[in-house]
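> sharing a sequence plus its predicted fold:
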Amino acid sequence: MKTISVRMARWSAHHPWRAIAGWLVFVVLCLAVGAALGTNSAKTADYRVGEAGRAEALAAEGHLERRPTEQVLISSRSGALDRRAAEAAAAELSARMERLPDVADVAAPLASEDRTVLLVEVALKGEERDAKDKVDALVEQTEAVQRHHPGLLLEETGSPSISKGVDRQRSDDLALSEAITLPVTLVTLLVVFGSVTMAGVPMLLALSSIAAAVGLSMAASHLSPDAGVGTNVILMIGLAVGVDYTLFYLKREREERARSGGRLSPEALVELAAATSGRAVVVSGIAVVASTATLYLAGDVIFASLATGTIVVVLVAVASSLTALPALLVKLGQRAERRTRRRAERGKPSRGTGSRDGGDRVWSALLRPAARHPLATLCCSVLGLLALVAPLAGLKITEMSRDTHSRDIPAMQAYDRLNVAFPEQRVTHQVVVRADAARSAEVVSALREVGRRAADDPLFTDARRIRSSPDHRTTALELKVPYLGNSDEAYDSLDRLRDTYLPATVGRIDGAEHGVTGDVARYADYPAHQNGKLPLVLGALLLVTFAMTVYAFRSVVLGLIGVALNLLSAAAALGLLVLVFQGSWAEGLLDFESTGSIGSRVPLFLFVILFGLSMDYQVFVVSRIREAVLAGAATRQAVLDGIRRSASVVTSAAVVMTTVFASFVFLHIIEMKQIGFVLAAAVLIDAVIVRVLVLPSAMLLLGEASWWPSRGAGAAAEGTGATREREPVRSAADVG
């Protein structure tokens with residue numbers, strides 16, 4: 001790690017304009033390649049998991065898959081509905097829709113039970129995932145009919161228009177998030193550095209890294225399809241780690257500048273920073289990449305998309321800190337030297353170049369409990385974290401359905417009115433059976449029996465017609481349920497089908513393969529699929545974290561401590577999330593409507609991302625402790641000095657990360673709000689409680705044993721390459 005960071009920094013420092021130009025060319029090329037290749041978006045088949053996914057695949061093979069459908073509601077703006085005018089509007093609408101090339105079928109108008117609303121259903125051609133791109137043409141026709149019938153109210157909803165509305169809202173939310181995050185991050189950096197120029201460097205590198213990562217992720221989508229969340233995670237993770245990595249480097253360069261008192265050249269200072277913070281950045285980046293890669297084991301296209309976006313942007317951020325950043329620091333250092341010389345020639349005193357940290361006394365006070373009473377501090381801190389973990393006992397994980405989307409989306413408002421006017425249309429289960437063509441009649445008879453049983457069951461309202469594929473090998477039955485998709489009754493109806501009706505009917509046909517799909521089946525099967533993968537992913541994550549820590553510090557004890565602390569901080573943050581989002585007490589405070597559950601993707605994403613990001617703090621803090629040991633300090637003093645010296649930069653990095661993640665709490669999408677909240681909480685817990693109280697207390701209690709199996713602290717430091725890292729210091733001093 002040391003060789004890579006130092007050699008790259010040395011080259012960039014001695015060829016700054018080439019390095020800067022090369023970085024800019026790299027960013028432009030990434031964007032150009034991405035634009036040329038375009039994004040390979042995930043297809044409907046990429047989302048199939050569990051029984052619902054298998055049933056969808058069976059239906060697709062027989063060309064019986066459910067078509068994406070739009071619903072247009074026709075009602076009166078005031079007073080009773082004029083049936084003649086409504087029917088005329090429905091006829092005009094149907095005629096217009098049928099002429100559209102992407103429309104497969106327009107159903108006959110259906111009146112609500114109270115005769116106040118007329119419903120026109122329009123089925124689209126093609127896949128569900130592509131349907132949202134075809135909605136605009138349908139909306140144009142609906143608006144045209146609306147203009148011809150001003151006394152009526154025409155509203156359009158359906159999965160395609162809702163998806164399009166969610167995408168538009170997500171785009172607006174991201175713009176809001178950027179408007180919050182960028183100024184706050186810049187102000188934080190201004191406070192840290194006291195210079196607009198120095199504060200601008202991390203921001204520029206982070207934003208350029210994000211731009212390059214967006215282009216590269218578009219190219220990577222042709223290997224692993226993009227589920228539409230890649231840009232979100234690139235912005236969120238890219239700004240956080242991009243600023244953090246640059247911050248680590250910059251702070252160390254300024255510290256070395258202050259220590260040298262002007263005796264070292266800018267090139268030598270950059271080399272010193274590369275040998276210490278540069279190495280930490282590389283180790284941290286590899287740790288984040290390795291941890292995030294475990295998401296691929298989940299076998300889910302959304303997690304794969306999240307992993308790809310995170311890995312790409314982290315690698316690009318590391319590359320920027322090793323190439324463009326040293327070059328920028330050298331040019332800024334040379335400019336500072338020229339300014340100092342001019343001031344000296346004019347007889348003016350030079351401005352101090354010392355660090356602006358000035359918070360040693362504050363951090364000494366914060367570390368005092370761990371220094372004086374490590375056992376009591378450790379016990380109290382751990383008990384406090386365990387108290388936050390306690391709400392996990394009531395954790396309820398569900399797949400966030402369309403019913404959880406914000407009602408600011410017009411299509412969702414129409415969706416609510418559709419559910420009220422046509423309760424029998426709320427949920428559709430599709431039963432799909434595949435068997436030999438010779439058994440087609442037997443399959444149809446069994447499905448009719450399913451329909452008869454459902455007709456006598458209050459959980460169901462209607463059994464639609466049975467359809468068979470042209471080769472008679474696949475047959476499908478649709479069943480309607482009069483309950484919302486996220487209701488207990490909807491899930492009960494699914495269980496009734498799978499556990500009772502189907503085993504007693506189609507389940508008795510030899511050689512027949514069957515399954516139930518539909519929205520509710522997807523909502524039920526996805527968390528079950530994820531829970532089945534959870535042990536594999538978490539096991540791999542723990543192993544990777546342990547291996548990376550042992551590799552970085554040659555200490556099994558520190559590896560075990562790192563795993564334990566990461567588990568504890570992640571569990572505490574997740575417990576806090578349950579406390580806030582599964583109840584209703586914080587709805588007004590954070591502007592959300594509680595679903596009484598946590599999004600199914602949130603816990604696993606938290607564990608994976610936090611385990612990676614916490615390595616930033618772990619590597620940086622323990623590296624400073626190791627340096628103090630190498631300088632001759634005892635382990636106890638090294639722990640206190642190392643944490644005190646790294647406290648300001650860790651705090652600044654935590655503030656930046658927390659700001660980035662917390663800005664996602666202002667988003668409308670409930671799962672993104674939960675992810676933003678839990679990551680912000682996890683970073684604060686990790687940076688403040690774990691790194692300031694728990695870690696120093698544990699290392700102080702363990703003493704020399706912290707470095708086991710190395711032979712004492714000094715041997716541990718040598719084993720990690722700290723002795724070799726001093727070589728550039730001596731050579732840099734000679735150069736200076």
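Received, thanks.

> CA only for contacts and neighbour counts going forward, please
Noted.

> next, give phi and psi for the residue most central in space within the chain.
The centroid of the chain falls nearest to residue 233 when counting by C-alpha atoms, centre = their mean (4.9 Å). Phi and psi for residue 233, reported as degrees, to the nearest 10, are phi -70, psi -30.

> for it, give me the pLDDT.
You'll see residue 233 listed with a pLDDT of 86.

> tell me the contacts of it?
Going by C-alpha atoms under 8 Å, 6 or more residues apart in numbering, residue 233 touches 306, 309-310.

> kindly report the same for residue 494.
Shown in contact with residue 494 (C-alpha under 8 Å, 6+ apart): 429, 516, 520-521.

> mind running it again at 10 Å?
429, 459, 481, 488, 500, 516-518, 520-521, 524 (C-alpha atoms under 10 Å, 6 or more residues apart in numbering).

> so of those, which ones are in strands?
Taking DSSP state E, the ones among the contacts of residue 494 that sit in strands are 429, 481, 516-517.

> quick check, nearest of those to residue 419?
Within the ones in strands among the contacts of residue 494, the smallest distance to residue 419 is 11.3 Å, found for residue 481 (C-alpha to C-alpha).

> could you list the domains of this structure?
The chain breaks down into these domains under automatic domain parsing: 2-38+195-349+525-735, 50-164, 410-524.

> stretch 75-84: end-to-end distance?
12 Å (C-alpha to C-alpha, to the nearest Å).

> in that stretch, what's buried?
Neighbour counts over stretch 75-84 (16 or more other C-alpha atoms under 10 Å) mark 75-76, 81, 83 as buried.

> mind listing which of those residues are in strands?
Judged by DSSP E, the subset of those located in strands is 75-76.

> now do the buried residues in stretch 93-111.
Residues of stretch 93-111 classed as buried: 93-94, 96-97, 102-106, 109, 111 (neighbour count, 16+ other C-alpha under 10 Å).

> what confidence value was assigned to residue 355?
With respect to pLDDT, residue 355 scores 44.

> oh sorry, the question was meant for residue 685
What the model reports as pLDDT for residue 685 is 92.

> likewise for residue 713?
Looking at residue 713, its pLDDT stands at 47.

> which of the domains of the chain sits most buried?
Stretch with highest mean neighbour count among the domains of the chain: domain 2-38+195-349+525-735 (a mean of 21; mean count of other C-alpha atoms under 10 Å).

> figure out how far it is from the centre of its chain.
Relative to the chain's own centre, domain 2-38+195-349+525-735 is displaced by 16 Å; criterion: C-alpha atoms, centre = their mean, to the nearest Å.

> roughly how far apart are residue 79 and residue 153?
Taking C-alpha to C-alpha, one finds residue 79 at 12 Å from residue 153.

> poorly predicted segments of this protein, please.
Low-confidence segments of the chain (pLDDT under 70): 1-2, 340, 344-345, 347-360, 711-736.

> rewinding a little: secondary structure added to the contacts of residue 233, as TSV?
Shown next, in TSV, are the contacts of residue 233 (DSSP: H, G, I helix; E, B strand; the rest coil):
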residue	secondary structure
306	helix
309	helix
310	helix
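
> which residues in this structure form strands?
Going by DSSP E, the chain shows strands at 69-76, 103-106, 110-111, 117-124, 152-158, 397-398, 427-434, 462-468, 474-481, 513-517, 598-599.

> residue 319 is nearest to which of those?
Ranking the strands of the chain by distance to residue 319, with C-alpha to C-alpha as the measure, places strand 598-599 first at 33.6 Å.

> which elements pack onto the closest one?
strand 397-398, helix 556-581, helix 670-684 (3 or more C-alpha pairs under 10 Å, 6 or more residues apart in numbering; DSSP states H and E).

> figure out which of these is closest to residue 546.
Closest of those to residue 546 is helix 556-581, at 4.8 Å (criterion: C-alpha to C-alpha).

> quick one, that closest one and helix 670-684 angle?
140 degrees (axes from the mean of the first three to the mean of the last three C-alpha atoms, to 10 degrees).

> ranges for the helices of the stretch 1-150 of the chain?
Assigned by DSSP state H, counting those that start in this stretch, the stretch 1-150 of the chain shows helices spanning 2-14, 16-37, 50-61, 83-98, 128-131, 135-148.

> what's the longest one packed up against?
So that's helix 16-37. When contacts are defined as 3+ C-alpha pairs under 10 Å, 6+ apart, helix 16-37 packs onto helix 2-14, helix 196-220, helix 301-322, helix 324-345.

> ditto for the last one
For helix 135-148, the helices and strands in contact under the criterion 3+ C-alpha pairs under 10 Å, 6+ apart are strand 69-76, helix 83-98, strand 117-124, strand 152-158, helix 159-193.

> now with 8 Å, please.
helix 83-98, strand 152-158, helix 159-193 (3 or more C-alpha pairs under 8 Å, 6 or more residues apart in numbering; DSSP states H and E).

> and for that helix, what are the contacting residues?
72, 89, 92-93, 96-97, 100, 152-156, 160-161, 164.

> do that again at 7 Å, thanks
89, 93, 96-97, 153-154, 160-161 (C-alpha atoms under 7 Å, 6 or more residues apart in numbering).

> go on, the shortest one?
Contacts of helix 128-131 with the rest of the structure, by C-alpha under 7 Å, 6+ apart, involve 43-44, 67-68, 160.

> can you put the helices of the stretch 1-150 of the chain in CSV and add distance to residue 589?
Listed next are the helices of the stretch 1-150 of the chain as CSV, based on distance: least, C-alpha to C-alpha, whole Å:
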stretch, distance to residue 589
helix 2-14, 45
helix 16-37, 39
helix 50-61, 37
helix 83-98, 43
helix 128-131, 34
helix 135-148, 35
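
> of those, which approaches residue 268 most closely?
Closest to residue 268 of the helices of the stretch 1-150 of the chain, according to C-alpha to C-alpha: helix 2-14, at 8.4 Å.

> would you mind writing the CA trace of the closest one as CSV?
Provided in CSV are the C-alpha atoms of helix 2-14 (Å, rounded to 0.1, in the frame of the first residue of the first chain):
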residue,chain,number,x,y,z
LYS,A,2,2.8,2.3,0.9
THR,A,3,4.6,1.8,-2.4
ILE,A,4,1.5,2.6,-4.4
SER,A,5,0.5,5.7,-2.5
VAL,A,6,4.1,7.1,-2.3
ARG,A,7,5.1,6.3,-5.8
MET,A,8,2.0,7.8,-7.4
ALA,A,9,2.2,10.8,-5.2
ARG,A,10,5.9,11.3,-6.0
TRP,A,11,5.2,11.3,-9.7
SER,A,12,2.2,13.6,-9.4
ALA,A,13,4.2,16.0,-7.2
HIS,A,14,7.0,16.3,-9.7
